[in-house]
Structures are given as structure tokens and as C-alpha cells.
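*Asks:* Attaching a predicted model along with its sequence, questions to come.
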Amino acid sequence: MSEAFDTGRGSEPFDTVDVIRTKRDGGTLDDAQIDWVIDAYTRGAVADEQMSALAMAILLRGMSGAEIARWTAAMIASGETLDLSSVTRPTTDKHSTGGVGDKITLPLAPLVAACGAAVPQLSGRGLGHTGGTLDKLESIPGWRAQLSNDEFLRQLGSVGAVVCAAGDGLAPADRKLYALRDVTGTVEAIPLIASSIMSKKIAEGSSALVLDVKVGTGAFMKSVDDARELARTMVALGTEHGTHTVALLTDMSTPLGLTAGNALEVRESLEVLAGGGPSDVVTLTLALAREMLAGAGLVDVDPADALRDGRAMDVWRAMITAQGGDPSAALPVARETHTVPAPTSGTVARLDALAVGVAAWRLGAGRARKEDAVSAGAGVVLHAKPGDTVQAGQPLLELHADDAGRFDRALDALHGAYDIGTVYEPSPLILDRIA
Ligand code: URA
């Protein structure tokens with residue numbers, strides 16, 4: 001090539017700007033362009049500002065099903081894929097798109113293992129108003145999130161359930177791209193969310209996967225239509241890769257259960273494992289367990305029995321102990337509490353999930369930056385949920401924090417977050433099923 005026509009791309013087969021322009025102008029990226037751009041970004045040959053521009057073009061222009069499938073495959077190929085072939089039980093996993101008070105993994109993983117499947121759950125820490133499963137489990141004294149591949153496989157074989165941190169080797173392209181999307185306003189693109197979640201889940205190697213796609217104020221997806229599109233996209237990706245994939249669309253307009261915050265949610269999960277707990281948490285745990293078990297080919301077992309007879313609790317204790325935790329140790333409690341009373345008598349008509357999530361975060365339960373520490377005891381306890389009747393002055397919410405100075409900003413977040421009146425319109429917890 002003569003100097004006059006040198007695009008400056010050196011030995012790279014494509015010019016990044018051409019790839020960006022193609023998507024910016026509403027065109028379709030071909031397989032070779034997608035494979036290259038993901039690989040080149042992972043090794044640093046495509047700059048962050050270029051990938052930001054491409055992510056924004058994808059957010060604005062969308063992607064075809066074929067583009068999303070190739071993008072996902074390229075992200076999987078950017079790292080290692082776990083080999084679970086040594087695990088003798090059928091493997092089945094669950095992923096939630098994230099919500100407020102979503103502690104379902106905690107009772108669900110041991111419950112499904114107690115019913116005969118193996119549950120390999122690679123989880124993350126929370127960012128922003130939605131909590132992270134690892135943060136919750138780390139409130140148990142001694143429990144550690146980091147396992148080697150050998151430890152992971154050994155525990156999966158012996159206990160049947162592992163919840164631990166995903167290693168750096170899994171879909172490294174997504175790790176880099178997700179951090180970039182977080183600071184460039186490009187998280188909300190359905191093709192990018194679907195490929196991000198599914199690249200990690202497929203690389204994890206489980207045979208079956210159940211997706212809990214949250215809808216409502218406390219979720220990424222605010223409308224049922226968007227959630228349905230995300231669910232369909234992810235189910236198609238899983239199916240193409242040979243993973244038996246089903247999605248449930250579930251309500252996230254109000255928090256799940258009666259707690260939002262790390263140790264508070266562990267305590268509530270223990271109630272579920274002991275056969276009690278709030279009815280919405282129990283209902284969703286059992287619905288997801290049935291889907292996970294069906295995906296694993298275990299259709300003749302009723303997970304409700306394993307909650308009732310203590311088998312799920314036994315697996316929980318084994319799972320926590322195997323990762324250094326003491327399942328009998330007292331959980332951390334915040335130093336300060338502040339009660340919010342019901343301003344009037346009536347029926348709770350609305351209690352907003354996002355506001356409760358932001359309040360819990362401001363109380364110290366969540367982090368603003370990846371490197372921030374979280375407070376194990378901080379969070380919000382709900383004394384009433386939509387549909388409950390309250391008397392004026394009776395406790396409605398209870399705020400927990402290590403530092404009383406955090407209460408004012410949490411109360412700001414809760415301003416206008418609830419309605420108490422005479423009319424309550426119940427909405428279903430499970431809104432749809434996509435297979
Ligand atoms: N969770 C992910 O892992 N990726 C996204 O893009 C959004 C939520």
C-alpha cells in the first residue's frame with residue numbers, strides 16, 4: 001500500500017473508524033469485523049474512546065440477531081470456558097438482571113442442589129442501587145468469595161452448590177467493555193446487555209440456565225416490552241450455544257421481601273431456608289427452582305419439600321462452611337437505626353423499589369465505585385408492603401446504618417417513595433415466561 005492510502009491501522013486487518021462509521025450509519029457489521037473489534041479491544045489495539053463511540057452507535061442503531069450472536073461468541077472466545085464435564089450431577093444455573101432486595105440466589109442455590117442438581121454460580125459485587133450476591137455472603141464471618149478452579153469443581157461435586165467470584169479469565173472483553181459502558185451512558189442497550197450477560201453465563205459451562213429478568217422502577221428494564229425483548233434475545237443466545245435457557249419476567253416495582261441490605265438479606269434468606277420467610281421471596285425461589293430443575297431434567301422432585309424438611313438448610317450450611325464461613329456465627333448488625341412512621345392510616349398502595357435501593361445504598365449497603373467497601377449491617381427493613389394496612393404512626397420503614405449521619409440523605413431518597421390510601425391494585429410477581 002502506498003503511503004498516500006495508508007489508513008494508519010498498521011498490521012490490523014480493519015480500520016476502527018470504518019467499523020464505527022458502518023454502525024453509526026445504520027449498517028450491519030460482518031462476522032470478521034465483529035471478531036476483530038472484540039479481539040482488538042481486549043488486547044488494547046482499539047482505544048477506549050473508539051469502543052465508546054461504537055457502543056453508542058450500537059445503542060442508537062441496534063444490532064441484528066446475527067450480529068448479537070457473533071458479538072457474544074467473540075466475547076466468549078476472548079477468555080476461558082469452564083469445563084464442568086467432571087461434575088456427575090446435571091448442572092443448572094440462574095442469573096438475575098438485578099433488583100432491590102433480590103436475595104433469591106441465597107436460598108435458591110442450596111435448594112436446587114438439595115434436589116439433586118449441581119449449581120455453579122459465578123456472581124458479582126453490587127454497583128449502584130442493586131445489591132451484589134457476593135457482598136451479601138461476605139457479611140457471614142469467615143466466608144470467602146475467591147476460589148481456585150480446582151476448589152470450585154471440588155465443591156460443586158461434593159456439596160452441589162458453589163456461589164463465588166467469577167475469575168478474571170472469563171469473558172475478559174466483557175469485563176473491559178462493561179466498565180466502559182458504565183461511564184459512557186451505554187449500559188442500556190439491549191444487544192450489549194444480552195451479550196454481556198450471556199457471554200459470561202455460556203462461558204461458565206452450565207447445561208441449563210434460568211434468567212430472572214426484572215421489570216419495574218428498581219430494574220434496568222422499566223417496561224415489560226423492553227424486558228421481553230431482552231429475555232427473548234438472551235434465550236435465543238443460550239439456545240444457539242446449546243444451553244437449555246428459559247426466562248421469567250418478574251416484577252421489580254417494589255423490593256423483594258422485607259429487607260434490602262447485605263446481612264439483613266442473609267437473615268431473611270435463612271428464614272426461607274428454615275421453611276418461613278416472606279411469601280414473595282418463597283414464591284419466586286420455588287418458581288425459579290422448578291425451572292432450574294426442569295432444565296436439568298429433574299421433573300419429579302418438589303423443591304417445596306426440601307425447604308420444609310431442612311435439606312436445603314443442610315446444603316446451605318455445607319456450602320458456607322466449604323468456603324470458610326461459619327453458618328452459626330451471629331451476623332453483623334448496624335450501630336444505628338431510624339424508624340420512618342406511616343404518615344396516615346390506610347392501605348400501602350405503592351412502595352418504590354428504586355427509592356428503597358438508593359436509600360439502602362446511601363446507608364452504606366452499596367458502593368459508588370468498584371473499590372469502595374460496603375457496610376454489612378446497613379440497609380432498609382420494610383414493616384409493610386403494598387397491599388398491607390397500616391395505622392398512622394406505626395413503623396413503615398426502618399433504616400440501619402453504622403453512622404447516623406447517613407440517615408438524612410437516605411430519607412431524601414425516600415421522599416415521595418410511597419403512597420398510602422384506599423385503593424391498591426395488586427400486580428403479579430411473575431409477569432411472563434419466555435422459552
Ligand atoms: N449485567 C451484566 O453483566 N451486564 C450488563 O450489561 C448489564 C447487567
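*Replies:* Sure, I can see it. Residues are numbered from 1 along each chain as shown.

*Asks:* Name the residues of the host helix or strand of H400 that are buried.
*Replies:* Assigned by DSSP states H and E, H400 belongs to strand 395-401. Using 16 or more other CB atoms under 10 Å as the test for burial, strand 395-401 gives L396, L397, E398, L399, H400, A401. C-beta: built from backbone N, CA, C; applies to glycine.

*Asks:* how close does the fourth one sit to the ligand?
*Replies:* Read it as L399. Counting by CB to the nearest ligand atom, to the nearest Å, the separation of L399 from the ligand is 27 Å.

*Asks:* That residue bridge partners, please.
*Replies:* According to DSSP bridges, the residues that bridge with L399 are H338, V380.

*Asks:* I'd say it and G377 touch.
*Replies:* No. Applying CB atoms under 8 Å as the test, L399 and G377 come out as separate, 11.4 Å apart.

*Asks:* residues shared between the contacts of the two?
*Replies:* Shared contacts of L399 and G377 (CB atoms under 8 Å, 6 or more residues apart in numbering): none.

*Asks:* between the buried residues of strand 395-401, which is closest to T389?
*Replies:* L396 (11.8 Å; CB to CB).

*Asks:* How many neighbouring residues does the residue of the chain found nearest the ligand have?
*Replies:* Per CB to the nearest ligand atom, S196 is where the chain lies closest to the ligand, at 3.4 Å. When neighbours are counted by other CB atoms under 10 Å, S196 registers 22.

*Asks:* again, but for T422
*Replies:* Per other CB under 10 Å, the neighbour tally for T422 reads 7.

*Asks:* With L211 instead?
*Replies:* If we define neighbours as other CB under 10 Å, then L211 has 26 of them.

*Asks:* now do R21
*Replies:* Summarising burial for R21: neighbours were counted as other CB under 10 Å, giving 14.

*Asks:* likewise D388?
*Replies:* D388: 15 surrounding residues under other CB under 10 Å.

*Asks:* I'd guessed it sits against V348; true?
*Replies:* Yes. Using CB under 8 Å, D388 makes contact with V348 at a distance of 5.2 Å.

*Asks:* any idea which helix or strand carries the residue of the chain closest to the ligand?
*Replies:* Per DSSP H and E: S196 is located in helix 190-203.

*Asks:* Same question for L170.
*Replies:* Taking DSSP H and E as the definition, L170 sits outside all helices and strands.

*Asks:* How much space separates it from T16?
*Replies:* Distance of L170 to T16, computed by CB to CB, to the nearest Å: 25 Å.

*Asks:* just checking, what packs against the helix holding S196?
*Replies:* helix 48-61, helix 65-77, strand 92-96, helix 172-182, helix 224-240 (3 or more CB pairs under 8 Å, 6 or more residues apart in numbering; DSSP states H and E).

*Asks:* With mean neighbour count and mean pLDDT added, can I get the ones you listed in TSV?
*Replies:* Shown next, in TSV, are the helices and strands packed on helix 190-203 (neighbours: other CB atoms under 10 Å; pLDDT from 0 to 100):
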stretch	mean neighbour count	mean pLDDT
helix 48-61	19	97
helix 65-77	21	97
strand 92-96	26	97
helix 172-182	19	90
helix 224-240	20	97
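
*Asks:* any chance of those in TSV, plus distance to the ligand?
*Replies:* Listed next are the helices and strands packed on helix 190-203 as TSV, based on distance: least, CB to the nearest ligand atom, whole Å:
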stretch	distance to the ligand
helix 48-61	11
helix 65-77	11
strand 92-96	8
helix 172-182	5
helix 224-240	9
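
*Asks:* Which among those is found nearest to D39?
*Replies:* Per CB to CB, nearest to D39 of the helices and strands packed on helix 190-203: helix 65-77, 6.9 Å.

*Asks:* what sits up against the closest one?
*Replies:* Residues contacting helix 65-77 (CB under 8 Å, 6+ apart): 28-29, 31, 34-35, 38-39, 63, 171, 173-174, 177, 191, 194-196, 198-199, 202-203, 233, 236-237, 240-241.

*Asks:* List the buried residues for stretch 158-175?
*Replies:* Those buried within stretch 158-175 under the rule 16+ other CB under 10 Å are 159-167, 170-175.

*Asks:* Equivalent analysis for stretch 259-268, please.
*Replies:* For stretch 259-268, using 16+ other CB under 10 Å, the buried residues are T259, A260, G261, N262, A263, L264, E265, V266, R267, E268.

*Asks:* excluding its backbone neighbours, what's nearest the first one?
*Replies:* Just to be clear, that refers to T259. Nearest residue to T259, sequence neighbours excluded (CB to CB, 6 or more residues apart in numbering): E268, at 4.8 Å.

*Asks:* Wait, a helix at that neighbour?
*Replies:* Yes. Applying DSSP: H, G, I helix; E, B strand; the rest coil, one finds E268 inside a helix.

*Asks:* check contacts around it.
*Replies:* Contacts for E268 (CB under 8 Å, 6+ apart) come out as K103, G257, L258, T259, G277, P278, V281.

*Asks:* Sitting in strands, which of the buried residues of stretch 259-268 do you find?
*Replies:* Counting by DSSP state E, the buried residues of stretch 259-268 place T259, A260 in strands.

*Asks:* Would you mind giving the buried residues of stretch 259-268 as TSV with distance to the ligand added?
*Replies:* Putting these into TSV (distance: CB to the nearest ligand atom, whole Å) gives the following:
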residue	distance to the ligand
T259	22
A260	18
G261	21
N262	19
A263	24
L264	23
E265	19
V266	22
R267	26
E268	23
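
*Asks:* Serialize the buried residues of stretch 259-268 to JSON lines and add fields for distance to A360.
*Replies:* Shown next, in JSON lines, are the buried residues of stretch 259-268 (distance: CB to CB, whole Å):
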{"residue": "T259", "distance to A360": "9"}
{"residue": "A260", "distance to A360": "4"}
{"residue": "G261", "distance to A360": "5"}
{"residue": "N262", "distance to A360": "9"}
{"residue": "A263", "distance to A360": "12"}
{"residue": "L264", "distance to A360": "9"}
{"residue": "E265", "distance to A360": "10"}
{"residue": "V266", "distance to A360": "14"}
{"residue": "R267", "distance to A360": "14"}
{"residue": "E268", "distance to A360": "13"}
